[in-house]
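S.K.: Quick one, fold the following:
(chains A and B)
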Protein chains: 2
Amino acid sequence: MFTGIPFSLCYCEQKCLSLLHSGLITFSVGAILWFFTRKADRNIGKREGYIIVSFAWVTISLFGTLPYLISNYIPNFTDAFFETISGFTTTGATIIADIESLPKGLLFWRSMTHWIGGMGIIVLSVAILPLLGIGGMQLFVAEMPGITPDKLHPRITQTAKRLWLIYVILTFAETIFLMFGGLDLFDALCHSFATMATGGFSTQNASIANYSAYIQYVIILFMIFAGTNFTLHYLAMHGKIREVWQNEEYRYYILLTFGFALIVGVILAIFGKSGIEESFRNGLFQVVSIVTTTGFITSDYLLWPGYIWVIIFLLMFIGGSAGSTGGGIKIARQILLWKNSALEFKRMMHPKAVIPVRFNKKVVSQEIIHLVVAFFLFYVLIFFAGTFVLSLLGLDFETAIGTTIASLGNIGPGIGGVGPVENYAGLPNAAKWISAFLMLLGRLELFTILILFSPSFWKK
Amino acid sequence: MFTGIPFSLCYCEQKCLSLLHSGLITFSVGAILWFFTRKADRNIGKREGYIIVSFAWVTISLFGTLPYLISNYIPNFTDAFFETISGFTTTGATIIADIESLPKGLLFWRSMTHWIGGMGIIVLSVAILPLLGIGGMQLFVAEMPGITPDKLHPRITQTAKRLWLIYVILTFAETIFLMFGGLDLFDALCHSFATMATGGFSTQNASIANYSAYIQYVIILFMIFAGTNFTLHYLAMHGKIREVWQNEEYRYYILLTFGFALIVGVILAIFGKSGIEESFRNGLFQVVSIVTTTGFITSDYLLWPGYIWVIIFLLMFIGGSAGSTGGGIKIARQILLWKNSALEFKRMMHPKAVIPVRFNKKVVSQEIIHLVVAFFLFYVLIFFAGTFVLSLLGLDFETAIGTTIASLGNIGPGIGGVGPVENYAGLPNAAKWISAFLMLLGRLELFTILILFSPSFWKK
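M.R.: Numbers count the residues shown, from 1 in each chain, chains lettered A, B, ... in the order given. A predicted model of the protein is given here:
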C-alpha cells in the first residue's frame, strides 16, 4: 500500500492519506499477529496447509479493501471486496466503470493487488499445492532443481526466492519495453504487474485498445511468458532450452495458442473491417489474453462473427499452464484428460489390460489420473451450479454463464452482461459475492477451499 | 410401414400407396438379406455387437425415410433422414412446421418410428449394452430374474420378449386412457407410441398444449412410467413393489422430478398468469417431459421467467433412468458421479485408504466408477465439440447449445432457435446431419458409436 504513495505525491493527489492509513492499519495488525505467533511451531501439516492458504487469500483481500473504502472511491464494502479479491486472485474483473477517474495512487494499489496475488500463486502452485496433492499438480510441476526436498519450510522458502526473482526480472523487463513504447513509468509498471500476474486490470477505460501496435505486441509476449510454467523459465535461464521445448504442456500451450490465434486472425482478416496486420494482432492478442486468463482487451470480441465469439468462450475453459500465474483448468490437465479419454476405447477392447497414460514420456500413475478427473468433474459441477445460482439471482442466461466461467477461470471479462466492454458493477450484490467466491475457488484449485466444507476435514 | 395403411384408408387418403411401396421395398431388401445370411453363425462376439447395434440404427433410419420421400411430403433426403432418425432414436426433434397437413398414414408411420425405436432401446439397454460393458450399464440394470445367463443369443431373446410385453401393455393402457379423454384411436395410439418411447412427436402443431387437463395428466403418468427402468416394471408386475422402492435410482428419479416440478410450479403460480392448478400442471408436465427426455410441450418454457428457463435447461443434462426408453446421461450415473465426487475429500484426507462408493447398498467396483466417469467426460467433451461445430456453421450461441443438448440427450426441443415452439427446419443442412449424428451418439450411449472410430477396434 505504501508503494502507491510516491505516485500519489508525484501526481499531486490529495488522497494519498488513504493509502498511508490503510498501510499503517494493515502493518499494525500484521505486527501484532506476528508478535504473538513468532515462537509458534513452524512444522505445519497438510490440514494446516489448506487452512493457511485459504485464509491467507481471504485475509489479504479484507485488508486490501481499506484504500478503496478509506479514500471513499469505492464506498460500498461489497464492491471494494469484489475489486480486491478480483485483484489478488489475478482475475481482473472490475466494478469500476470510469477507471481513469481514480487517483494514480489508488490505481497503483489496484495493480499491486494483481502483482502480489501472482507472487502468491507461483509459490502456491509450484511448491505448496503439489505437497497438498491437489488435482495432480505434483506431476505437472517438476521439482525445482537443486532444492533440498527433506523439509517443508526451507524448501518452500528456497523455491519461492528463485521463482520470485524470475517474476521480478520479467516484470521489470516488460516495464522497460513498455516505456520504450512511450508509456510513462506509472502506466508501464501497472500494466506489467497486471500482465505478469495474468490479472487484467488496466489504468485505461479502453484497456489496451488505444495503445500502439508495439505495446500490444510487448504485452502479448509477456502474457505468453506469464502463462508459462515458471519452473521452465528457471530452466531456460540456466540454458536448458531443450528441456523447455521437450515439456509436453509447453508445446501444447504454444501450438494451441498460435493455432487458435491463426484461425481467429484469418477469419477477422477476411470478414472484419480492419487491415490484415491489425486483424491478426487482434486475434492473437485476444486468444493469448483468454488462454492465459489475463483478460486484457483490444477489441470487443462479442462484436466479432458469432463463431469466433464461441471459440473465445470455449477457450475460457482451457486455462494457462500449471505452475504459471494463469487460472482455469490448466493445459496439463486438459492433455491428461484427452489422452486418458482416447485410451478408453483401447481399454474397452482389452478390459483386462492395464493401459497407462504417458506424460512427458513417463507413465502417469492411476492416482494422478484420478485427481485430474476429479478436478475436472468438480470444475464442471461448479460451473453448472454457479450458472444455476446466478440465474436464480436474476442474471440472464449468457451473463450467468459468462460471470461463472470468467470468475471461476480467473479471466475477468466474460460474455453477455459481463462482456469485454462491460463491467461487474450492475450485478446484484449477492451475485458479486458468488462471483468473488468462484474466483477464490478457481484460484486455489477448487479443493483447497472445498475441503474446508467437508465434515471429514474437521474430524480428528 | 404397413400398419399406417389402414389409417390412410379410413381417412380416405390418396397417398397410402407411398407406405405400401416403402413397405414392399423394405420387406424385399430384408427378405433378400435374410435369405443369404440365414445359415450364418449366430455366435456373435463383442466386436460384432458394436457393429450390429450401430448399423441397425442407421439402416432402419435409411429405409424409414422411404414413406416421406415417396409421398413427397418431405422431398429433401437430409430432412427425411433427420425426421426418421429423430424418430428411431426417440428424440422427437422435427423439421415439419405444419404437422397437421401431413396425411394420417404418414403421421402414423412417424409415431411408429418412435415406438420401434423405443422397443430397440429397452432391449439394448437392459440386455445388450451391459454385455458390451458400456458406461457402467451392467450395474444399473439388474439381471432379469429367471433368465439363463449362459448363452448370449437365447438370453437376449428371452429378456426382449418379457420387456416388450410390458412395453406393449403400457402402450395400450395409455391408448385406452387417452380414448377415455376423448381422443380418437389414431391420436391416442400416436401419442401413446411417442410417450412410451419418450419420443415426443405429436400429431398436433401445438403438441399437447390444446388437450384437456385429464389427457395431460395421463401423459404425465405414462411419461414417468416410460422414464423408469423397465426391469422395475417387471418386478412390480410380479408384486415386488418393495424392491422397486428400494431401488436407489428410482427413488432419486421420483424425488428429483417431483421436487423440481414443485419448484417450477410454485414459481409459475406466483409469477405466472395462469391459475394454480394450471401452473402446477404446466410445471409438472414440462419437468417430467424434459427429465424423461420425451419433449412434449404444453407451454413455451422460454417465455417463463429466466431462472425457470435455466432450470429446464439444466434438467436437460440429467436424463431418464437406466434401462428406460429415456436418453441422456441417466440418473444412475448422476448418482454415482455425485457420490464419488463427495468422497474425494475423504480420500484427500486419507490418501492410503480405499473408500468405495455404494449403490443400492452394495459396494461399486472401481471399474464401474471408471466407466461412469469416462461416460460423463465424453458427454461433456461432445457437448462442447457439438456447440463449437454448430457455431462454426453459423448457429447463434443459444441455438448451438440448444441443438447440441437436445440432440445428444434425445430430448427434441432445446433452447434458442430450436426452442419448444420452433422446429429444426431452419438449420443449415450440415447442422441437421450433425444433430442427427448427436442423436445417434446419445441414443447408443456414446461408446457404441465412438469405438467404431477408434483404430484399436479394427486391429486384429
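S.K.: Residue numbers of the stretch 251-400 of chain A in contact with chain B?
M.R.: Applying Cβ under 8 Å from any Cβ of the partner chain, we find that the stretch 251-400 of chain A lies next to chain B at A:306-307, A:309-311, A:313-314, A:317, A:337, A:341, A:344-346, A:348-351, A:373-374, A:376-378, A:380-381, A:384, A:387-388, A:391-392, A:394-398, A:400. To be clear about C-beta, it is placed using only N, CA and C from the backbone, and glycine gets the same treatment.
S.K.: Just the buried ones from these?
M.R.: Under a neighbour-count criterion of 16 or more other Cβ atoms under 10 Å in any protein chain shown, the subset of these counted as buried comprises A:306-307, A:309-311, A:313-314, A:317, A:337, A:341, A:344-346, A:348-349, A:373-374, A:376-378, A:380, A:384, A:387-388, A:391-392, A:395-398, A:400.
S.K.: Please name the residues that touch residue A:215.
M.R.: Contacts for residue A:215 (Cβ atoms under 8 Å, 6 or more residues apart in numbering or on different chains) come out as A:178, A:181-183, A:208.
S.K.: go with 7 Å
M.R.: Residue A:215 makes contact with A:178, A:181, A:183 under the criterion Cβ atoms under 7 Å, 6 or more residues apart in numbering or on different chains.
S.K.: List the buried residues in the helix or strand it falls within.
M.R.: Residue A:215 is located in helix A:213-226, with elements delineated by DSSP states H and E. Within helix A:213-226, the residues that qualify as buried by neighbour count (16+ other Cβ under 10 Å) are A:215-216, A:218-220, A:222-226.
S.K.: for stretch A:75-86, same thing?
M.R.: Residues of stretch A:75-86 classed as buried: A:78-86 (neighbour count, 16+ other Cβ under 10 Å).
S.K.: Likewise for stretch A:411-429?
M.R.: By neighbour count, and taking 16+ other Cβ under 10 Å as the criterion, the buried residues in stretch A:411-429 are A:411-420, A:422-424, A:427.
S.K.: returning to that earlier point: mind checking the pLDDT average for the helix holding residue A:215?
M.R.: In this model, helix A:213-226 has a mean pLDDT of 96.
S.K.: Give me the distance from it to the chain's centre.
M.R.: Here the centre of mass of C-alpha atoms in helix A:213-226, compared against the chain's by Cα atoms, centre = their mean, to the nearest Å, lies 16 Å away.
S.K.: After it, which helix or strand is next?
M.R.: Per DSSP H and E, the first helix or strand lying C-terminal to helix A:213-226 is helix A:230-237.
S.K.: Let me know the average pLDDT across that next one.
M.R.: What helix A:230-237 shows for mean pLDDT is 89.
S.K.: same thing with stretch A:406-417?
M.R.: In the prediction, stretch A:406-417 has an average pLDDT of 93.
S.K.: Would you map the helices across the stretch 51-200 of chain A?
M.R.: In the stretch 51-200 of chain A, the helices defined using DSSP state H, counting those that start in this stretch lie at A:66-71, A:77-88, A:104-123, A:129-132, A:137-140, A:152-180, A:185-196.
S.K.: closest one to chain B among the ones you listed?
M.R.: Comparing the helices of the stretch 51-200 of chain A by their distance to chain B (Cβ to the nearest Cβ), the top pick is helix A:129-132, with 8.1 Å.
S.K.: Give me the helices and strands touching the closest one, please.
M.R.: Helix A:129-132 is packed against helix A:46-64, helix A:137-140, with contacts defined by 3 or more Cβ pairs under 7 Å, 6 or more residues apart in numbering or on different chains; DSSP states H and E.
S.K.: Other residues contacting that helix?
M.R.: In this structure, residues lying in contact with helix A:129-132 by Cβ under 7 Å, 6+ apart are A:46, A:49-50, A:137-138, A:141, A:152, A:445.
S.K.: Produce a ChimeraX select command limited to the buried residues of those.
M.R.: Only the buried members of those end up in this ChimeraX selection, burial being decided by 16+ other Cβ under 10 Å:
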select /A:49,50,137,138,141,152,445
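S.K.: on that earlier part again, format the buried residues of helix A:213-226 as a markdown table; extra columns: distance to residue A:204.
M.R.: A markdown table is the format used below for those (distance: Cβ to Cβ, whole Å):
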| residue | distance to residue A:204 |
| --- | --- |
| A:215 | 11 |
| A:216 | 13 |
| A:218 | 15 |
| A:219 | 12 |
| A:220 | 17 |
| A:222 | 17 |
| A:223 | 17 |
| A:224 | 22 |
| A:225 | 22 |
| A:226 | 19 |
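S.K.: Residue A:311 contacts residue A:261, doesn't it?
M.R.: No - no contact is recorded between residue A:311 and residue A:261 when judged using Cβ atoms under 7 Å, the distance being 10.4 Å.
S.K.: The lowest-mean-pLDDT helix or strand in chain A near chain B at all?
M.R.: When the helices and strands of chain A are compared on mean pLDDT, DSSP states H and E, helix A:137-140 comes out lowest with a mean of 76. No - using Cβ under 7 Å from any Cβ of the partner chain, helix A:137-140 never reaches chain B; the gap is at least 11.5 Å.
S.K.: Could you list the alpha-carbon positions for that helix in PDB?
M.R.: Presented in PDB, the C-alpha positions along helix A:137-140 are these (Å, rounded to 0.1, in the frame of the first residue of the first chain):
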ATOM      1  CA  MET A 137      -0.300 -30.700  -9.500                       C
ATOM      2  CA  GLN A 138       2.600 -32.800  -8.200                       C
ATOM      3  CA  LEU A 139       3.000 -34.300 -11.700                       C
ATOM      4  CA  PHE A 140       2.900 -31.100 -13.800                       C
END
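S.K.: From residue A:241, how far off is the residue of the stretch 1-150 of chain A found nearest chain B?
M.R.: Of all residues in the stretch 1-150 of chain A, residue A:133 sits closest to chain B, at 6.6 Å by Cβ to the nearest Cβ. For residue A:133, the distance to residue A:241 under the criterion Cβ to Cβ, to the nearest Å works out to 31 Å.
S.K.: The two: which is more packed in?
M.R.: Here residue A:133 and residue A:241 are compared on neighbour count by other Cβ atoms under 10 Å in any protein chain shown; more neighbours surround residue A:133, at 17 against 11.
S.K.: Output the set of residues of the stretch 51-200 of chain A in proximity to chain B.
M.R.: Within the stretch 51-200 of chain A, the residues that sit near chain B (Cβ under 7 Å from any Cβ) are residue A:133.
S.K.: mind showing which ranges of the stretch 51-200 of chain A have poor pLDDT?
M.R.: Residue ranges of the stretch 51-200 of chain A with pLDDT under 70: A:142-154.
S.K.: Try it again at 80.
M.R.: By pLDDT under 80, the weakly predicted segments of the stretch 51-200 of chain A are A:127, A:131-157.
S.K.: Next: the stretch 301-450 of chain A.
M.R.: The stretch 301-450 of chain A contains residues with pLDDT under 80 at A:306, A:351.
S.K.: Next, the angle helix A:185-196 makes with the helix holding residue A:215.
M.R.: Inter-element angle recorded for helix A:213-226 and helix A:185-196: 40 degrees (by axes from the mean of the first three to the mean of the last three Cα atoms, to 10 degrees).
S.K.: Please put the alpha-carbon coordinates of stretch A:291-307 into CSV.
M.R.: What follows is the C-alpha trace of stretch A:291-307 in CSV, where atoms were taken according to Å, rounded to 0.1, in the frame of the first residue of the first chain:
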residue,chain,number,x,y,z
VAL,A,291,-5.9,-18.7,-22.8
THR,A,292,-3.5,-17.2,-20.2
THR,A,293,-6.6,-15.9,-18.3
THR,A,294,-5.3,-12.4,-18.3
GLY,A,295,-8.4,-10.7,-19.7
PHE,A,296,-6.8,-7.6,-21.3
ILE,A,297,-8.9,-6.3,-24.2
THR,A,298,-8.0,-4.8,-27.5
SER,A,299,-11.4,-5.2,-29.2
ASP,A,300,-14.9,-6.3,-28.3
TYR,A,301,-14.9,-9.9,-29.2
LEU,A,302,-18.7,-10.1,-28.7
LEU,A,303,-19.0,-7.9,-31.9
TRP,A,304,-16.9,-10.4,-33.9
PRO,A,305,-18.8,-13.1,-36.0
GLY,A,306,-20.7,-15.5,-33.8
TYR,A,307,-18.5,-18.5,-34.3
